[in-house]
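1. Could you work out the structure for the sequence below:
(chains A and B)
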Amino acid sequence: MKSVKFVVFTFMLLCVFGLVACQKRAVTKADTAPEAQPQAVEKKDQEKVTESKIDSKIESVDVKDKEGQYAESKESMFSDILFDYDKYEVADIYKPVLKSVSTWMAKNTSARLSIEGHCDERGTNEYNLALGDRRAKAVKDYLVSLGVASDRINVISYGEERPICNEQTEVCWAKNRRAHFVVLTKVGK
Amino acid sequence: MRTTRRSHRVESIRLRAISVALFTFLLFASCSFPAAVEAKVYIDITSPSAKKLPIAIYDLQGPSGKEISDIIRDDLTFTGLFMYIDKASYIEPASERFSQQNWKPLGIEAVVKGTTRENNGLMVDIAVYDVFDGRTILTRQYQSTRELVRQLAHTISNDIYQSCTGLPGMFRTKIALVAEDDGEKGIYVMDWDGQRVRKLGLKGTLVLAPRWSADGTKIIYSSERSRQWGVYLLDFVKMSEKRIVASKGTNMAGDFFPKGDAVAYSSSKDGTPDIYVMSLKDLASRKLTHTQGIEVSPAVSPDGTHIAFVSDRGGSPQIYLMRSDGSDIRRVTFDGSYNTSPSWSPSGDRIVFSCRRGKNQICLVKPDGTDLLQLTDAGNNEDPSFSPDGRYITFSSDRDRTRGIYIMRANGETQKKISPPGLRAYGPRWSPN
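-> Below you'll find the predicted structure:
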């Protein structure tokens, strides 16, 4: 019984509502004096708030960047490892370079190494970032296999974001497809 | 006893449903029969052979009137569904009442007239007429402030579009992008037509394409800060930024799930880039892929059941598809040796991506791998994403030397640059609303 009452009540309520809605609409239809649409006005006000929020600067940022405890070497003491197009395997000709890196790391026990992976501009940005990551990782893996402790090497990819050569030529692209070494030496405590 | 109560409840729900349906019918019937024009669809956008609707748009009389009319004209023309008829051919003076006879001989089917006045802001009255039936399709008044004149005009465009097609317009949407200012990259937001370019005050150096949540209140993006790639979430309502993935390795966004309670991202925290899904409630991550190669760029399907992503497990980067739990991995693309940056159409019937054909182009494919279609052929084109109505695609291109943001129809027609000349910009993402 309750539900039948509910239906009847809803029905009547909605009929009244429907009538009002129709009347309003009929007024709006008049050619000469269109009735104001409060909805449209309301929407505008709300919109303004959102817009101004997007325009404003970030108010609270809960990210705190840690101070680096290591100083970066200005110029790399090791030459770059170059890669084939779209590839991340370390070619045999670079293995002597990596051998000298591992030897140096063995002598300088407090130093750490950061390996940057880079790509040429022809790929897409996101995939290049992953490719650069994979290149740096491939170099790290080889150094670890030569005995360098894994926790002394970190890797960072810059994808195609930091080219060292800016022309659109094969020579330039080849230079950009690289793993670059940055030696980090301990500073302070 | 229990069964009867349950059946009673079911009955009650059913009755309620009937009453709602009845109401809907009555409201619809009583309102729309006297004014059947409300339901008339002037352009059937689903029909590929639909002809363009010839439309006359007067300069609105009053302050900012011409500016508003020009915006409406540009909006409607870009859709490819309207043919704008030049003002020179209008016989009817703007101030006179609409008369069918003035328009029929010109072959014009819809007429937009209106006035504006400045009164504690900007008031605009708009009327749209149907020439064939000699009726008014739309009369509406709009109120705003002078500085929001573009949004006001786009709102009018939405209403005209809806009254002619029966579907919501997308003229109030935005595009988030990455742009360079003095060599520093940052996230920007602009209107879909390239106007009102605004830089969000975010620090950080290298930034990749942002992704919107389905409700348009948040974006996630990757940023490199202090030699570490993190995934960041920006909440437009709270206006706060939060780092949500900070593990070791290269962490990249990623995509929201439709409910906004989880994100997909890629990370090399275990050594090589793999796909993860993270709950935004407790920030707990689950690993979905497990290869020694590259898995990157997860794109969540609109219904949340699947993830498209890029993998080089077959020897070259290709688009793959898996269920959102990581099962049932299938390869989607087979043509070419470099297919990346997948993104879904809003209905989930297409994946748009960057395909290498010499240079990078924009391609479309069905999730089952069929119906491959190349949409661009000039320059390098990357980072495609659909508009929320599925009719348009935004992407970046270097075809005129400086990389910038472009839009086109989803069939490849009307490709045009929308970002300001000279601004180096990429990674565009169309807002969902």
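2. Count residues in the vicinity of A:Glu170, would you?
-> The number of residues packed near A:Glu170 is 10, by other Cβ atoms under 10 Å in any protein chain shown. Yep, even glycine has a C-beta here, placed from its N, CA and C like the rest.
3. I'd assumed A:Leu131 was in a strand, is it?
-> No. Assignment of A:Leu131 by DSSP: H, G, I helix; E, B strand; the rest coil gives helix, placing it outside any strand.
4. Going along the chain, name the strands of chain A.
-> Assigned by DSSP state E, chain A shows strands spanning A:60-61, A:70-72, A:81-82, A:112-118, A:153-159, A:178-186.
5. unless I'm mixing things up, B:Gly271 is touching A:Lys137, no?
-> Yes. Look at B:Gly271 against A:Lys137 with Cβ atoms under 8 Å: they come within range, at 6.4 Å.
6. Neighbour count: those two, which is higher?
-> For B:Gly271 versus A:Lys137, neighbours defined as other Cβ under 10 Å are more numerous around A:Lys137 (24 against 15).
7. The more buried one against B:Asp270, yeah?
-> No. Here A:Lys137 does not reach B:Asp270: they are 10.7 Å apart, not a contact under Cβ under 8 Å.
8. What residues does the stretch 251-400 of chain B have near chain A?
-> With Cβ under 8 Å from any Cβ of the partner chain as the criterion, the stretch 251-400 of chain B meets chain A at residues B:252, B:266, B:268, B:271-273, B:293-294, B:296-297, B:310, B:316-317, B:337-338, B:340-341, B:354, B:359-360, B:380, B:382-383.
9. now do 10 Å
-> Contact residues, the stretch 251-400 of chain B versus chain A (Cβ under 10 Å from any Cβ of the partner chain): B:251-254, B:266-268, B:271-274, B:292-297, B:310, B:312, B:315-317, B:337-341, B:353-354, B:356, B:359-360, B:380-383, B:396, B:398.
10. Common neighbours of A:Lys137 and B:Asp270, please.
-> Listed as contacting both A:Lys137 and B:Asp270 by Cβ atoms under 10 Å, 6 or more residues apart in numbering or on different chains are B:Gly249.
11. thinking again about what came up before, name the residues contacting each of B:Gly271 and A:Lys137.
-> Shared contacts of B:Gly271 and A:Lys137, defined by Cβ under 10 Å, 6+ apart, are found at A:Val155, B:Gly249, B:Gln292.
12. Out of those, grab the one that's most surrounded.
-> Busiest of the shared contacts of B:Gly271 and A:Lys137 [other Cβ under 10 Å] is A:Val155, holding 26 neighbours.
13. show me where pLDDT drops low in chain A?
-> Applying pLDDT under 70 to chain A flags residues A:1-69, A:73-75, A:188-189.
14. quick one, helices of the chain?
-> With no chain named, the answer covers chain A. Secondary structure of chain A (DSSP state H): helices at A:2-29, A:38-55, A:95-107, A:125-145, A:170-176.
15. meant chain B, my bad for not saying
-> Under DSSP H, chain B gives helices at B:2-32, B:65-78, B:149-165.
16. which one of those has the lowest average pLDDT?
-> Lowest mean pLDDT of these: helix B:2-32, a mean of 42.
17. on that earlier part again, now the strands of chain A in TSV, with distance to chain B?
-> Supplementary listing: these in TSV, determined by distance: least, Cβ to the nearest Cβ, whole Å:
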stretch	distance to chain B
strand A:60-61	5
strand A:70-72	9
strand A:81-82	18
strand A:112-118	7
strand A:153-159	5
strand A:178-186	9
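18. Give me the domain ranges for chain A.
-> A:2-47, A:70-186 (automatic domain parsing).
19. Spell out which residues of the stretch 51-200 of chain B are next to chain A.
-> Residues of the stretch 51-200 of chain B lying close to chain A (Cβ under 10 Å from any Cβ) are B:97-98, B:114, B:121-127, B:129, B:135-145, B:147-148, B:151-152, B:155-156, B:159, B:172, B:174, B:176, B:178, B:185, B:189, B:196, B:198-200.
20. how does it look with 8 Å?
-> Residues of the stretch 51-200 of chain B lying near chain A (Cβ under 8 Å from any Cβ): B:97-98, B:125-127, B:136, B:139-145, B:148, B:151-152, B:155, B:189, B:198, B:200.
21. Can you turn the buried part of those residues into a PyMOL selection?
-> In PyMOL, this line selects whichever of these come out buried by 16 or more other Cβ atoms under 10 Å in any protein chain shown:
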select buried, chain B and resi 98+125+126+127+136+139+140+141+142+143+144+148+151+152+155+189+200
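22. what are the phi and psi values for the residue in chain B positioned nearest to chain A?
-> In chain B, no residue comes nearer to chain A than B:Gly201, which is 3.3 Å away by Cβ to the nearest Cβ. Phi and psi for B:Gly201, reported as degrees, to the nearest 10, are phi -80, psi 60.
23. burial count for it?
-> 15.
24. Export stretch B:251-270 to PDB, keeping only CA atoms.
-> The C-alpha coordinates for stretch B:251-270 follow below in PDB (Å, rounded to 0.1, in the frame of the first residue of the first chain):
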ATOM      1  CA  ASN B 251      58.300   7.300 -13.000                       C
ATOM      2  CA  MET B 252      55.900   8.400 -15.700                       C
ATOM      3  CA  ALA B 253      52.100   9.200 -15.800                       C
ATOM      4  CA  GLY B 254      50.000   7.500 -16.700                       C
ATOM      5  CA  ASP B 255      46.300   7.800 -16.800                       C
ATOM      6  CA  PHE B 256      43.400   8.000 -14.400                       C
ATOM      7  CA  PHE B 257      40.800   5.300 -14.100                       C
ATOM      8  CA  PRO B 258      37.300   6.500 -14.900                       C
ATOM      9  CA  LYS B 259      36.200   6.700 -11.300                       C
ATOM     10  CA  GLY B 260      39.200   8.800 -10.400                       C
ATOM     11  CA  ASP B 261      40.200   6.500  -7.500                       C
ATOM     12  CA  ALA B 262      43.200   5.000  -9.200                       C
ATOM     13  CA  VAL B 263      45.900   5.700 -11.800                       C
ATOM     14  CA  ALA B 264      48.100   3.700 -14.100                       C
ATOM     15  CA  TYR B 265      51.700   4.700 -14.500                       C
ATOM     16  CA  SER B 266      55.100   3.300 -15.600                       C
ATOM     17  CA  SER B 267      58.100   3.000 -13.400                       C
ATOM     18  CA  SER B 268      61.600   1.500 -13.600                       C
ATOM     19  CA  LYS B 269      61.800   1.000  -9.800                       C
ATOM     20  CA  ASP B 270      62.400  -2.700 -10.400                       C
END
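25. which residues of the stretch 51-200 of chain B fall in strands?
-> In the stretch 51-200 of chain B, the segments counted as strands under DSSP state E, counting those that start in this stretch are B:53-57, B:82-85, B:110-118, B:122-130, B:135-144, B:174-181, B:184-191, B:198-199.
26. need the ones you listed in TSV with mean pLDDT, can you?
-> Shown next, in TSV, are the strands of the stretch 51-200 of chain B (pLDDT from 0 to 100):
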stretch	mean pLDDT
strand B:53-57	95
strand B:82-85	95
strand B:110-118	95
strand B:122-130	94
strand B:135-144	93
strand B:174-181	93
strand B:184-191	91
strand B:198-199	90
